[in-house]
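Asker: Have a look at this fold, sequence not included:
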């Protein structure tokens, strides 16, 4: 994993949607990927240590997430590496509450660059901490489910578990408007 040189440990974490690999640095959770998802870093050249405190925190956070916790990231330090814009996008994702959705355009605006919708989409796709940094809550501007690095079946399952009503056409049910993410970041 060349984009994060300070990894110390990794662990495999089973979830209802498939096994995930978690990676941690000394300062926090640095990665969390489903097996086979897009942008998975592949084999990590770090020790397997499920007792690492940040990896234990990740496992507890995932369990809390699947148990319906409103803020499963509480108490989980993150060490996300990326450009300043990517980090702003990831902070905007973290600000989306459980059961809320947003659009790529709204995330770009929250990250301080309203015209950078495609760049926001790319940053969302490169989110290094799947599920806990909730990129699954981002929809197309018409409410359609768009790509998800972990697969659209997982995005659908995550949204449904959060109470988002999806129609058979993979669109938000009528009357559900995407949540606005304004004023999330102080840039």
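Answerer: Received it, and whenever you're ready, just let me know what you need. What you see is a predicted model, and the numbers here were worked out from it, not measured in a lab. Residues are numbered from 1 along each chain as shown.

Asker: my guess is residue 56 contacts residue 50, does it?
Answerer: Yes: assessed by CB atoms under 8 Å, residue 56 is found in contact with residue 50 at 7.3 Å. C-betas here are computed from N, CA, C, even on glycine.

Asker: out of those two, which sits in the busier spot?
Answerer: residue 56 (17 against 14; other CB atoms under 10 Å).

Asker: For residue 11, list each beta-bridge partner.
Answerer: residue 22 (DSSP bridges).

Asker: Report the separation between it and residue 67.
Answerer: 19 Å (CB to CB, to the nearest Å).

Asker: which of the two has more neighbours?
Answerer: Set residue 11 next to residue 67 and count neighbours by other CB under 10 Å: residue 11 wins out with 20 against 9.

Asker: Name all residues that make contact with that one.
Answerer: Residue 11 makes contact with 21-22, 48-50, 52, 55, 58-59 under the criterion CB atoms under 8 Å, 6 or more residues apart in numbering.

Asker: By neighbours, which of those residues wins?
Answerer: residue 58 (30 neighbours).

Asker: Which pLDDT value belongs to that residue?
Answerer: Listed pLDDT for residue 58 reads 97.

Asker: thought it was touching residue 76?
Answerer: Yes: using CB under 8 Å, residue 58 makes contact with residue 76 at a distance of 6.4 Å.

Asker: Quick check: longest helix in the chain by residues?
Answerer: The single longest helix within the chain, with elements called by DSSP state H, is helix 53-66.
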